[in-house]
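>>> I need the structure of the sequence given here:
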Amino acid sequence: MPWGGKPRRSASSIVADTESGYHLLTVHGYSRTKGVPTGERVKSRPFVVGGHRWRIDYYPNGVRSEVADYVSLSLMLDEDEDDLAAAPAVKAQFDIRLAGEAAAEDALAAASVDEFTPGRGCVYTTFVAREELEGSEHLRNDSFTVRCDIVVVRDYRAEDAAVGFVSVPPCDLRRDLAGLLETEKGADVVFDVGGETIAAHRCVLAARSSVFAAELFGPMKEGCSTAAGIVVRVEDMEAEVFRALLRFAYTGQLPETRKEDEDVTCQHLLVAADRYGMRRLKLICEEKLCECINVGSAAIVLALAEQHHCQGLKKACFDFLAAPANLRAVVATEGFQHLSRSCPSLMAEVITMSLGIS
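Modelled structure (predicted):
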């Protein structure tokens, strides 16, 4: 250290570069799967988390004879050896639980980092006793759903850490942009939506949506100029839905909604996102709607998926309708009558599926 001076200080940190996601697996016709012999499995469809393909193996009567009274589940890396030539092992943490149970954050944080290679998986040998499952609320209409959370650890890196007298706060851009929208400071466009006026900033919207860019800056830009700026009339959309769309454009966040209103809000927002070419918002709404499908909404959501080219959402609807009891109940709803009128092409697919499961 310098003569008579203080010791120099420095600090660094090691950071895990991760990517996370989860997969929902529903077992329909659980009672029929009990005929699968002990040690034999049924594979889920593959899914992607962290850039890698995975699957869940379902053992209705346990992975081996000692646990024949349990349901066993295993998480497998569903990739070929050639896919992993550059990285022979995938490091990941994971947690599997019955959907609807307490959040997995703590369990996932405490989980060890396992190495996965093709053909090698991690097994929940005694995931749930069959007697316990059959007496629980998780088994409904002879079906139950499990949720698998995965955190893929891509790499570890070293970073300099702050030390000394200056502490830099996290980025507050999202908060500042939200304030800009709320205060309307510097707004140069006004939208007339359902008789209400909503002010915004053309540059922000154009940066977030090619449709807004064409409307507000392109040669075919809509609206008329006034002292308050450009005025654009928005047809066939509720003001609250448009406000939610703008909030996402400024902050990347959805508005807070009551749980019972979430599915309807997502339906309207999906339509708005598709209309304005906001792909990420559309996918977020599609993902949320996949988790909200029930007898009352299945037909409406299926029509929405068909009209707005949401293939994942369409598959989720057909997965729900694959249960005979669900299909019979949905056919009796008003939504199904609307589906038959608005999307007649879908009826052939529904009829074909019903013949296959009758």
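
>>> The helix or strand hosting L181: which residues count as buried?
Using DSSP states H and E, L181 sits in helix 173-183. Neighbour counts over helix 173-183 (16 or more other C-beta atoms under 10 Å) mark 177, 180-181 as buried. Using the backbone N, CA and C atoms, a C-beta is placed for each residue, glycine as well.

>>> Is it possible to get TSV of those that adds pLDDT?
As requested, the buried residues of helix 173-183 are arranged in TSV below (pLDDT from 0 to 100):
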residue	pLDDT
L177	93
L180	92
L181	92
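
>>> so E286 touches L313, yeah?
Yes - using C-beta atoms under 8 Å, E286 is in contact with L313, at 4.7 Å.

>>> any common contacting residues for those two?
A305 (C-beta atoms under 8 Å, 6 or more residues apart in numbering).

>>> and H309, how many neighbours?
Look at H309: counted by other C-beta atoms under 10 Å, it has 10 neighbours.

>>> Please name the residues that touch it.
With C-beta under 8 Å, 6+ apart, H309 has these contacts: D274.

>>> and if you look at A129?
With C-beta under 8 Å, 6+ apart, A129 has these contacts: 69-71.

>>> what mean pLDDT would you report for stretch 332-346?
Stretch 332-346 shows a mean pLDDT of 83.

>>> likewise stretch 246-253?
pLDDT averaged over stretch 246-253 gives 93.

>>> Distance from that stretch to the middle of the chain?
Centre-to-centre, stretch 246-253 and its host chain are 17 Å apart (C-alpha atoms, centre = their mean, to the nearest Å).

>>> Please identify the buried residues of it?
246-251.

>>> before we move on, what about stretch 300-318?
Neighbour counts over stretch 300-318 (16+ other C-beta under 10 Å) mark 300-306, 308, 310, 313-314, 316-318 as buried.

>>> Next step: the residues you listed restricted to helices.
Using DSSP state H, 300-306, 313-314, 316-318 are the members of the buried residues of stretch 300-318 that sit in helices.

>>> Columns distance to R279 and pLDDT on top of those residues, output as CSV?
Listed next are those as CSV, based on distance: C-beta to C-beta, whole Å; pLDDT from 0 to 100:
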residue, distance to R279, pLDDT
I300, 22, 91
V301, 19, 92
L302, 21, 92
A303, 21, 90
L304, 16, 92
A305, 15, 92
E306, 18, 91
L313, 14, 93
K314, 17, 91
A316, 18, 92
C317, 21, 91
F318, 23, 90
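
>>> coming back round to it: which single one of the contacts of A129 is nearest to Y276?
V71 (44.7 Å; C-beta to C-beta).

>>> so how far is whatever helix or strand that closest one lives in from its chain's centroid?
If you go by DSSP H and E, V71 is part of strand 70-77. Strand 70-77 has its C-alpha centroid displaced from the chain centroid by 22 Å (C-alpha atoms, centre = their mean).

>>> and the helix or strand hosting T126, which residues are buried?
In this structure, T126 sits in strand 121-129 according to DSSP H and E. Buried positions in strand 121-129, judged by neighbour count with 16+ other C-beta under 10 Å: 121-124, 127-128.

>>> strands paired with it, and their directions?
strand 70-77 (antiparallel) (DSSP bridges).

>>> so what secondary structure elements neighbour the very next helix or strand once past the partner strand?
Next along the chain after strand 70-77, taking DSSP H and E as the criterion, comes strand 90-98. In terms of contacts (3 or more C-beta pairs under 8 Å, 6 or more residues apart in numbering; DSSP states H and E), strand 90-98 is packed against strand 70-77, helix 105-110, strand 114-116, strand 121-129, strand 143-160.

>>> Try it again at 6 Å.
Of the remaining helices and strands, those touching strand 90-98 by 3 or more C-beta pairs under 6 Å, 6 or more residues apart in numbering; DSSP states H and E are strand 70-77, helix 105-110, strand 143-160.

>>> Can you check which of those gets nearest to V27?
Nearest to V27, of the helices and strands packed on strand 90-98 and by C-beta to C-beta, is strand 143-160 at 5.7 Å.

>>> what's the angle between the closest one and strand 90-98?
140 degrees (axes from the mean of the first three to the mean of the last three C-alpha atoms, to 10 degrees).

>>> other SSEs contacting strand 143-160?
Under the contact rule (3+ C-beta pairs under 6 Å, 6+ apart), strand 143-160 is packed against strand 12-28, strand 90-98.

>>> Can you pull the poorly scored residue ranges out of the stretch 101-250 of the chain?
Filtered on pLDDT under 70, the stretch 101-250 of the chain yields the residue ranges 101-107, 109-110, 159-165, 167, 219-229.
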